[in-house]
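**Q** Predicted coordinates and the sequence they were generated for:
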Amino acid sequence: AEGGAAAINDDKIRYRAERYRYFGMNEGTAVMAGTNGKMHELTAALGICNLRWIDDFIERRKKIYELYKDGLKDIRGIHFRIDDENIKYNYIYCYINIDEVEFGMNAKSLLKILNYRGIHAKKCFTSLVSDMEIYKQSKKGIINKAYYFLENTIVLPLHAYLSEQDVEYVCDVINNAKSM
C-alpha cells in the first residue's frame, strides 16, 4: 500500500507532479528531473526491523564477493571494480566487466549462457541517463567510458543466503563458457 495524496485541478501541474514522483519518467523516458517518491510504510517498517542484522548481511555478502573474486581471478578478460580503501562498501552488487578481446566472448553472450544454466545474472545498465531526451541538451560530448560499461558489465547473483557451492557453480560456468 502506497500512501500520499494530491488534489490538483491544473492538468499541467498534475502531469509534472506525477512525473516528478516517478524519476521524471513518462512511459519509460525521462521527460524531466525527478525523484523516487514511492516508498510506502511497509517497506520502511521492514527496513527498520532488519537494521539489527545489517552488519551481518554486509559481512556475509562481502565473503560471497571475495569468493567470486577468488574463483574468477585467473580468467583473462573478467575484471572486478578497483576497491578504494576510503570507501565502506555494502556489497549490494557483484559487477564484473567483460573485456571481449581478452575473454573471447562479449558480455551479452556470457549473460545468455549464465541465464541458460539457471544463473540469474543480469545486465548492469540498460541505458544511460545522458541519452534520455531531457538530459541531451546538457550532454557534453560522447561519454565513451560509460558506454563501454553499459555494454560490457553484468551483475552476478549476490545475496546473504547464496551458498559457497552456488558461487563455485557460477565461477565454473564462467570458466567454461568459451567451450559451450
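**A** Looks like it came in fine.

**Q** Centre of the chain to the strand or helix carrying Leu42, how far?
**A** According to DSSP states H and E, Leu42 maps onto helix 41-50. A distance of 22 Å separates the centroid of the chain from that of helix 41-50, by CA atoms, centre = their mean, to the nearest Å.

**Q** got the buried residues for the helix or strand following it?
**A** Remark: after helix 41-50, the chain's next helix or strand is helix 54-72, criterion DSSP H and E. Within helix 54-72, the residues scored as buried using 16 or more other CB atoms under 10 Å are Phe57, Ile58, Arg60, Arg61, Ile64, Tyr65, Leu67, Tyr68, Lys69, Gly71, Leu72. Where you see a C-beta, it was placed from the backbone N, CA and C, and this is true even at glycine.

**Q** surely the fifth one meets Val167?
**A** Yes - counting by CB atoms under 8 Å, Ile64 sits close enough to Val167 to count as a contact (6.0 Å).

**Q** Helix or strand with the lowest mean pLDDT in this structure?
**A** helix 133-136 (a mean of 66; mean pLDDT, DSSP states H and E).

**Q** Now tell me what touches whichever helix or strand comes after that one from outside.
**A** Per DSSP H and E, the first helix or strand lying C-terminal to helix 133-136 is helix 144-152. Helix 144-152 is touched from outside by Asn97, Ile98, Asp99, Glu100, Asn106, Ala107, Lys108, Cys124, Phe125, Ser127, Leu128, Ser130, with contacts defined as CB atoms under 8 Å, 6 or more residues apart in numbering.

**Q** need the contact list for the residue nearest to the spatial centre of the chain.
**A** Centroid-nearest residue in the chain: Cys124, 4.6 Å away (criterion: CA atoms, centre = their mean). Residues in contact with Cys124, defined by CB under 8 Å, 6+ apart, are Tyr93, Tyr95, Phe149, Leu150, Thr153, Ile154, Val155.

**Q** Among those, which pair sits farthest apart?
**A** Maximum pairwise distance in the contacts of Cys124, criterion CB to CB, is 15.2 Å, between Tyr93 and Leu150.

**Q** And for His97, the neighbour number?
**A** To be clear, residue 97 is Asn; His isn't right here. 18 (other CB atoms under 10 Å).

**Q** Relative to Arg81, how far out is it?
**A** 8 Å (CB to CB, to the nearest Å).
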